[in-house]
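1. With the input below, show me the fold.
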Amino acid sequence: MKTEILNIVVNSIAIGIGATVVMDIWALMLQRIFGIAQLNYALVGRWLVYMRKGIFHHENIGAAKPVAAELIVGWAAHYLTGVVFAAALIMFIGRGWLSDPSIMPAIVFGLLTVCFPFFIMQPSMGMGIAASKKPNSSVARFRSLLAHFIFGLGLYFSAELTSSFLIS
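-> Coordinates of the predicted model:
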């Protein structure tokens, strides 16, 4: 039993970090090639730090007073979220997926993870449901969906990579 739990934890960490790195490489490519700005993880960190102070919703997180270590907190949360999502996928699909990953569950799950920013993060940070209060909200939605599709691909490719050398 302990070995199974350790297996899931180790694989979740490796796959979650790998998938998040793939997502970040995608964002970096978009920035370098097309000049599309990356998500500012300092704002994510700011939102999370304000939660400790009992403030869960902002009219505009960008206008909220910056807090210490917000960038570090934001990036740490970004990668921790990737690990948690990977663990959720493994738990939902089953451990057998670790030794024989298939792409479709990873892509579908990656796309489903867009619900977190659409319905929790963006509204709480003052952007409305699915960025409805942002100018060009349809572009913001498309970029979020594409990023989470890429995250799903990252889940699959990371699982393929880890299946060859991690415990499964």
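2. C-alpha from now on. contacts and neighbour counts both.
-> Noted.
3. Wait, Pro75 touches Arg46, no?
-> In this structure residue 75 is Trp, not Pro. No: counting by CA atoms under 8 Å, Trp75 does not reach Arg46; the two are 11.0 Å apart.
4. now do the same end-to-end measure for stretch 133-141.
-> This stretch, stretch 133-141, spans 11 Å end to end (CA to CA, to the nearest Å).
5. For the remainder of this discussion, apply numbering that starts at 238.
-> Right, with 238 as the first residue, what we last looked at is stretch 370-378.
6. residues in contact with it?
-> For stretch 370-378, contacts defined as CA atoms under 8 Å, 6 or more residues apart in numbering pick out 363-365, 367-368.
7. Buried residues, that stretch. List them.
-> For stretch 370-378, a neighbour-count test (16 or more other CA atoms under 10 Å) marks 371, 374, 378 as buried.
8. which SSE is the last one in?
-> Which is Arg378. helix 374-400 (DSSP states H and E).
9. how near is Gln375 to Ala251?
-> If you look again at residue 375, you'll see it is Ser, not Gln. Distance, Ser375 to Ala251, by CA to CA: 33 Å.
10. Dihedrals phi and psi, Ile292?
-> phi -110, psi 110 (degrees, to the nearest 10).
11. and it, what pLDDT?
-> At Ile292, the predicted lDDT confidence score is 97.
12. Low-confidence ranges, the chain, go.
-> Filtered on pLDDT under 70, the chain yields the residue ranges 403-405.
13. Now do the helix ranked longest in it against helix 374-400, angle only.
-> The longest helix of the chain (DSSP state H) is helix 239-271. Computed by axes from the mean of the first three to the mean of the last three CA atoms, to 10 degrees, the angle separating helix 239-271 from helix 374-400 equals 130 degrees.
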